[in-house]
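Q: Provided below for reference: sequence and predicted model.
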Amino acid sequence: MKIYFTAEEIAAAVERVASQINGYYPNDNDDKVLVVGVLKGATIFFADLVRKFDFPLEIDFVRAASYGDARVSSGTVALTKDVETPLEGRRVLIVEDMIDSGRSLKRLRDHFLSRGAAEVCIVVLIDKKTKRAVDVPVEWSALESEDLFLLGYGLDDGERGRNLPDLWVVD
């Protein structure tokens with residue numbers, strides 16, 4: 001294994017993307033943005049990111065599984081935990097660890113819109129643009145990566161390595 005992004009590079013990217021998002025959402029009204037973290041991989045990114053937001057918000061979580069214990073997506077997206085917050089008329093910001101094929105994020109975006117969300121935006125820690133199989137808009141991405149298997153900062157290999165502060169390339 002070797003380090004692909006250091007903890008310092010990740011922190012700078014989180015700061016940058018949080019600033020961009022802060023510029024998008026108004027911080028002077030009562031309409032709280034619903035910030036939805038995608039379990040489990042986005043938890044560390046989510047925690048670091050929401051602490052930098054300066055607009056009114058609520059948080060919730062969803063779980064969409066397509067990998068299981070494998071290193072490649074099965075291509076089938078199962079929604080195993082839905083948000084508990086009503087979505088009707090809400091602005092929703094999905095926080096995800098990475099986008100590769102786009103299937104999971106498209107499924108989540110479409111699901112939230114079908115439940116009445118007024119707007120669904122997406123921010124990802126890592127964008128693997130070369131892997132895109134489904135067209136889904138991603139408004140913000142902190143980092144870009146080649147098609148590599150990454151571990152750390154919330155990303156795992158069979159539930160191992162989520163606690164590493166850097167992002168590592170796994171052979």
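A: Yes, it's here.

Q: Please tell me how far residue 64 sits from residue 125.
A: 15 Å (Cβ to Cβ, to the nearest Å). In this view, the C-beta of every residue, glycine as well, is placed from N, C-alpha and C.

Q: More neighbours: those two, which one.
A: The neighbour comparison of residue 64 against residue 125 (other Cβ atoms under 10 Å) goes to residue 125, with 30 against 20.

Q: Wasn't the more buried one part of a strand?
A: Yes: counting by DSSP: H, G, I helix; E, B strand; the rest coil, residue 125 is located in a strand.

Q: show me the contacts for it.
A: 10, 13-14, 42, 45, 96-98, 141-143, 153-154 (Cβ atoms under 8 Å, 6 or more residues apart in numbering).

Q: what do you get if the cut-off is 6 Å, keeping everything else the same?
A: Listed by Cβ atoms under 6 Å, 6 or more residues apart in numbering, the contact set of residue 125 reads 45, 97, 142.

Q: Return the per-residue confidence for the closest residue to the second one other than its chain neighbours.
A: This means residue 97. Nearest residue to residue 97, sequence neighbours excluded (Cβ to Cβ, 6 or more residues apart in numbering): residue 41, at 3.5 Å. With respect to pLDDT, residue 41 has a value of 94.

Q: sec struct for the residue most central in space within the chain, please.
A: With distances taken as Cα atoms, centre = their mean, residue 96 lies nearest the centre of the chain, 1.0 Å away. Secondary structure, three-state DSSP: residue 96 is strand.

Q: Who are the contact partners of it?
A: Applying Cβ under 6 Å, 6+ apart, the residues near residue 96 are 38, 42, 124.

Q: Tell me the first helix or strand C-terminal of the helix or strand containing residue 9.
A: Using DSSP states H and E, residue 9 falls within helix 7-24. Counting by DSSP H and E, the element after helix 7-24 in chain order, helix or strand, is strand 33-39.

Q: Could you list every helix and strand that that following strand packs against?
A: strand 57-65, strand 91-99 (3 or more Cβ pairs under 6 Å, 6 or more residues apart in numbering; DSSP states H and E).

Q: Kindly recompute the last result at 8 Å.
A: Where contact means 3 or more Cβ pairs under 8 Å, 6 or more residues apart in numbering; DSSP states H and E, strand 33-39 is packed against helix 43-50, strand 57-65, strand 91-99, helix 103-114.

Q: between these, which gets nearest to residue 147?
A: The minimum distance between residue 147 and the helices and strands packed on strand 33-39 falls on strand 91-99, with 11.0 Å, by Cβ to Cβ.
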